[in-house]
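Undergrad: pasting the sequence and the predicted model now:
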Amino acid sequence: MENQEQKPQPTQAEIQAAQNQWIRSTLDRANKHLAEKGVIPKTILDKESRYIAPMCAIWKIKSQQGKTYWVVSGNLPTDHVEVTAATNARDALRHFSFQWQLKADQLAKNSAGDKAQIDFANLLVNRAEGLYDLYSNEKLWTNEPK
């Protein structure tokens, strides 16, 4: 039997640093997305935002214009909706899941055989299903107010 070298396990500090970097990058993507849509972020409402690294983060962001938005970012398309669409981060994930299913259906119907459109529709369906799985996972939401 050969002596195989084992890779050293990351330290807790390294794990925390990687998670913090992931949080910063997903927040940067959320802020950039809003800015591209003409919304200037002002405040991140941390207590109501949630992240499930490395899959997705759902941010509650108040804009300089006074409106508040849910913004989803991570290993999926970044998207936003006004806060009135969902009462909490969990419900916002469900909202995005349903919206992306509808968008994917529309893209597929209107793609006229465009491979890029069909590929994006398939990506949306895949990510929508993933969001719904996260929404449905009770273990992720045990500390959430009902």
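TA: It's in.
Undergrad: show me where this protein dips below the pLDDT cut-off.
TA: 1-4, 144-146 (pLDDT under 70).
Undergrad: for residue 42, phi and psi?
TA: Note on residue 42: backbone dihedrals following degrees, to the nearest 10 are phi -120, psi -50.
Undergrad: what does residue 43 give?
TA: The phi/psi pair for residue 43 (degrees, to the nearest 10) is phi -140, psi 140.
Undergrad: try residue 127
TA: Dihedral angles (degrees, to the nearest 10) for residue 127: phi -70, psi -30.
Undergrad: pull the contacting residues for it.
TA: 76-77, 100 (CB atoms under 8 Å, 6 or more residues apart in numbering). C-beta here means a position set from N, CA and C on the backbone, and glycine is covered the same way.
Undergrad: looking at those residues, state which has the most neighbours.
TA: residue 100 (25 neighbours; other CB atoms under 10 Å).
Undergrad: next, work out how far apart that residue and residue 129 are.
TA: Here residue 100 is placed at a distance of 9 Å from residue 129 (CB to CB, to the nearest Å).
Undergrad: what packs against the lengthiest helix in the chain?
TA: Criterion DSSP state H: the longest helix present in the chain is helix 12-36. Packing partners of helix 12-36 (3 or more CB pairs under 8 Å, 6 or more residues apart in numbering; DSSP states H and E): strand 41-44, strand 50-52, strand 56-63, strand 68-74, strand 79-82.
Undergrad: so which of those gets nearest residue 16?
TA: Closest approach to residue 16 among the helices and strands packed on helix 12-36 (CB to CB): strand 50-52, 13.5 Å.
Undergrad: contacts for the closest one, please.
TA: 22-23, 26, 57-58, 74, 89-90, 134, 140.
Undergrad: write the ChimeraX selection for whichever of those residues are buried.
TA: Restricted to buried positions by 16 or more other CB atoms under 10 Å, the ChimeraX selection for those reads:
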select :22,23,26,57,58,74,89,90,134
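Undergrad: closest to residue 8 out of the contacts of strand 50-52?
TA: residue 22 (20.9 Å).
Undergrad: what's around the nearest residue to the closest one once chain neighbours are set aside, how many residues?
TA: Of all residues not flanking residue 22 in the chain, residue 53 sits nearest, at 5.0 Å (CB to CB, 6 or more residues apart in numbering). Using other CB under 10 Å, residue 53 is surrounded by 15 other residues.
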